[in-house]
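# I'll drop the sequence and a predicted model, then ask my questions.
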Protein chains: 2
Amino acid sequence: MDTRTLCLAVLTDGPASGYEIKKAFEEHFGYFLDVSHGAIYPALADMREQGLVECEEVRQDGKPDKKLYRLTEAGRTALAEGLARSPGRHRVRSEFVALLIFSEFLPADRIRSLIDARLDEWRGMRELAQCPPDNVSEQRAGVHFAMGLCDAILQAGVDYLERNRDWLESSLQAEAASKGGKT
Amino acid sequence: MDTRTLCLAVLTDGPASGYEIKKAFEEHFGYFLDVSHGAIYPALADMREQGLVECEEVRQDGKPDKKLYRLTEAGRTALAEGLARSPGRHRVRSEFVALLIFSEFLPADRIRSLIDARLDEWRGMRELAQCPPDNVSEQRAGVHFAMGLCDAILQAGVDYLERNRDWLESSLQAEAASKGGKT
DNA sequence: ACCATGTTATGTCGGAGTGATATATGTCGG
DNA sequence: CCGACATATATCACTCCGACATAACATGGT
């Protein structure tokens, strides 16, 4: 699924600016979906030229102007096609795990701060995903299901790191000692 | 962490060809790390020119020739730098979750097959990650820890899908019915 | 009054990586 | 003998991320 389809999907909830589309992903499903604004703005401009969205400039008080994008009928069709075309993959690229795998090449405090950072991130994401009954007011089943999955996976990650980080640290220490001892 | 560092890291386990490096990721940590061969081969060629790896062509019986790459001292230094430079992020891009969120726009059997596919994939990955005491013979603590994390997260995902898929299906059905009724 | 800092907002661009395509050698079963 | 499949390497168009640039406005410190 490309950035265009993702943007169209967000716009089914009502008109939004590029900035708001970015926020929507960050705030509610940041763990599973994020798109850089460097991809969003060109996508919106393209789709505007192709008539998939309409654009209206809006002046705001206390904030810079924004461009409100609104779905057209052609956009709705393109969205349906995009969703149908998507293979629905679930891809993870974790340099965190890569560093864990090769942790023997890293100092102990690096591992510690790496795990702390992940713990902070994942805990924060769980909170974000749990709080908003107002934003997800409609209580759509798909949204609820997706948030539950997000929470279950994050919890598993947090629990695992909390329970096993001490074991890792001492094992790493023991390995380093036996290696040093043999040399 | 870029493809180059990832390749160098795999080569610490001994010389390997591009094809074997790709396999190494797919087989053991496929859920968290995968690099397309379209990235691996150019990376190896670049690093060869820069002296980070050495290359030896090997004739094989019953298979096409391969190019065996071997880490150099400069490569080891570059690996250490690459690992130190990496912020250790953990990024997920799940079109699967995106489709769940917008499942109201999809037919019920599409959702079903989407969940089946994910369940198959995740179950398969758990098996792959659990089986190989021979490949991961060295029993390095970091590898063990990373595999445990992988398993914990995959298990959470599988459990959630198994326990809640029926609820999703009936909720989606109920929503569609009430929507159709109101129209 | 001024200025640093932060938020909202939009945009461009280089570099990196995916997925498709191409090519070739070799095995195995029908 | 041929198609299907695994092994093996390489290239390329397209997309996307992350960094950079720009700008309007708000807030709070000096």
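Ah, there it is. The structure displayed is predicted, hence computed values, not measured ones. Numbers count the residues shown, from 1 in each chain, chains lettered A, B, ... in the order given.
# pop the domain breakdown of chain A in here.
When chain A is parsed with automatic domain parsing, its domains come out as A:3-85, A:95-182.
# least confident of those domains, on average?
Among the domains of chain A, domain A:95-182 carries the lowest mean pLDDT, at a mean of 87.
# could you dump the domains of chain A to a markdown table with mean neighbour count?
C-beta: built from backbone N, CA, C; applies to glycine. Putting the domains of chain A into a markdown table (neighbours: other Cβ atoms under 10 Å in any protein chain shown) gives the following:
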| stretch | mean neighbour count |
| --- | --- |
| domain A:3-85 | 17 |
| domain A:95-182 | 16 |
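# between those domains, which gets nearest to DNA strand C?
Comparing these by their distance to DNA strand C (Cβ to the nearest atom of the strand), the top pick is domain A:3-85, with 3.3 Å.
# can you give me the strands in chain A?
A:53-60, A:63-71, A:90-94 (DSSP state E).
# and the second one, what does it pack onto?
It refers to strand A:63-71. helix A:3-11, helix A:18-29, helix A:37-49, strand A:53-60 (3 or more Cβ pairs under 8 Å, 6 or more residues apart in numbering or on different chains; DSSP states H and E).
# quick one: closest of these to DNA strand D.
Per Cβ to the nearest atom of the strand, nearest to DNA strand D of the helices and strands packed on strand A:63-71: helix A:37-49, 2.0 Å.
# that closest one and DNA strand D in contact?
Yes - with Cβ under 7 Å from any atom of the strand as the measure, helix A:37-49 is seen reaching DNA strand D through A:37, A:38, A:39, A:43.
# between those, which is nearest residue B:126?
residue A:39 (32.5 Å; Cβ to Cβ).
# which ones are touching the closest one?
The contact partners of residue A:39, by Cβ atoms under 8 Å, 6 or more residues apart in numbering or on different chains, come to residue A:3.
# and chain A, which residues reach DNA strand D?
Residues of chain A lying near DNA strand D (Cβ under 7 Å from any atom of the strand): A:2-4, A:34-39, A:43, A:61-64.
# if we go to 6 Å?
A:2, A:3, A:35, A:36, A:38, A:39, A:62, A:63, A:64 (Cβ under 6 Å from any atom of the strand).
# okay, the last one and residue B:115: tell me how far apart.
Noted for residue A:64: a distance of 43 Å to residue B:115, by Cβ to Cβ, to the nearest Å.
# do the same with the fourth one
Separation of residue A:36 from residue B:115 (Cβ to Cβ) stands at 29 Å.
# please name the nearest non-neighbouring residue to the residue sitting nearest the centre point of chain A.
With distances taken as Cα atoms, centre = their mean, residue A:30 lies nearest the centre of chain A, 2.8 Å away. Nearest non-adjacent residue to residue A:30, counting by Cβ to Cβ, 6 or more residues apart in numbering or on different chains: residue A:125, 6.0 Å away.
# from the residues of helix A:37-49 next to DNA strand D, list the ones also adjacent to DNA strand C.
Okay, of the residues of helix A:37-49 next to DNA strand D touching DNA strand C (Cβ under 6 Å from any atom of the strand), that's A:37, A:38.
# remind me, longest helix of chain A?
Using DSSP state H to define each element, chain A has its longest helix at helix A:141-182.
# between it and strand B:90-94, how many degrees?
Between helix A:141-182 and strand B:90-94, the angle comes out at 150 degrees (axes from the mean of the first three to the mean of the last three Cα atoms, to 10 degrees).
# any idea of the angle helix A:141-182 forms with helix A:18-29?
Using the same axes, to 10 degrees: helix A:141-182 against helix A:18-29 is 70 degrees.
# any residue of helix A:141-182 up close to chain B?
Yes - applying Cβ under 8 Å from any Cβ of the partner chain, one finds helix A:141-182 touching chain B at A:141-146, A:148-150, A:152-153, A:155-157, A:159-161, A:164, A:167-168, A:171-172, A:174-175.
# for the residue lying closest to residue A:130 once chain neighbours are set aside, give its distance to residue A:163.
Closest residue to residue A:130 apart from its sequence neighbours, by Cβ to Cβ, 6+ apart: residue A:151 at 6.8 Å. Plainly put, residue A:151 is 18 Å away from residue A:163 if you go by Cβ to Cβ.
# now for the longest helix of chain A, which elements pack on it?
helix A:18-29, helix A:108-130, helix B:95-101, helix B:141-182.
# the third one: how far from the chain's middle?
The one in question is helix B:95-101. Centre-to-centre, helix B:95-101 and its host chain are 19 Å apart (Cα atoms, centre = their mean, to the nearest Å).
# identify the farthest-apart pair in the residues of chain A next to DNA strand D.
A:2 and A:62 (34.4 Å).
# what residues does the residue lying closest to residue A:56 once chain neighbours are set aside make contact with?
Among residues not flanking residue A:56 along the chain, residue A:68 sits closest, at 4.8 Å (Cβ to Cβ, 6+ apart). By Cβ under 8 Å, 6+ apart, residue A:68 lies in contact with A:15, A:16, A:17, A:55, A:56, A:57, A:58.
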